[in-house]
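K.L.:
Predicted model, plus sequence, below.
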Amino acid sequence: MKELLGRIRMELKINVGNPKTGHTTPLTLAEPKPLFGLKMGSTFKGEMIDKTGYEFKIVGGSDNAGFPMRRDVEGAVRRKVLLAGGVGFRSKRKGMRSRRTVAGNTVGPNTAQLNVIIVKEGKQPLVEPPQEEAPAEQV
C-alpha cells in the first residue's frame, strides 16, 4: 500500500486572489501535505507554500472529481446533502430543493484545487515576471 501512495502524484493548484487589484494568480504546489487539515475560512502563513511574508485565507476549492467545497459540510469527504441554495446548487424554480454531492470544508488528499485570498502581502511578488529575451540580431 505504501508503494502505491508513493507513486501517486499529488499536486494542488492554488488560485490566489488579490482583493486590492482584483487579479487572480495561479500557483501549483507539488507537496500539499502542510495544508492538510485546514478548513475553509482559516488563515495560514505563506511560508507553508514558500511565499514568505504573505498570509492567506481559504475561501473555497474543489476535489479531484470537481465537486465544490462547501463550508457547512464537515471533514475532507464527499457527501450528498439536501440543498436549497448556495455553493454547488442552481435552482430552476423558487423553493426547489435537491440532493447534490459536495466536498467537505477541510483540505485533504482528495483536494485538487484551492481558492485563497491575500490577507497580508509580502515584500516579494507572488510570481516572478517573465524574463524578456534579447531581440535577435538582424543581418
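P.N.:
It's in. Numbers count the residues shown, from 1 in each chain.
K.L.:
moving C-terminal of the worst-scoring helix or strand of the chain on mean pLDDT, what's the next helix or strand?
P.N.:
For the chain, counting by mean pLDDT, DSSP states H and E, helix 2-7 ranks last in confidence among helices and strands (a mean of 50). Once the chain leaves helix 2-7, the next helix or strand it forms, by DSSP states H and E, is strand 12-17.
K.L.:
Mind pulling up the pLDDT for the residue most central in space within the chain?
P.N.:
With distances taken as Cα atoms, centre = their mean, the residue of the chain nearest its centroid is Leu114 (0.5 Å). What the model reports as pLDDT for Leu114 is 95.
K.L.:
so what's it up against?
P.N.:
In this structure, Leu114 makes contact with Leu12, Lys13, Ile14, Asn15, Leu35, Ile58, Gly60, Gly61, Val107, judged by Cβ atoms under 8 Å, 6 or more residues apart in numbering. No exception for glycine: its C-beta is placed from N, CA and C like everyone else's.
K.L.:
Let's see that with 6 Å instead.
P.N.:
By Cβ atoms under 6 Å, 6 or more residues apart in numbering, the contact set of Leu114 is Ile14, Gly61.
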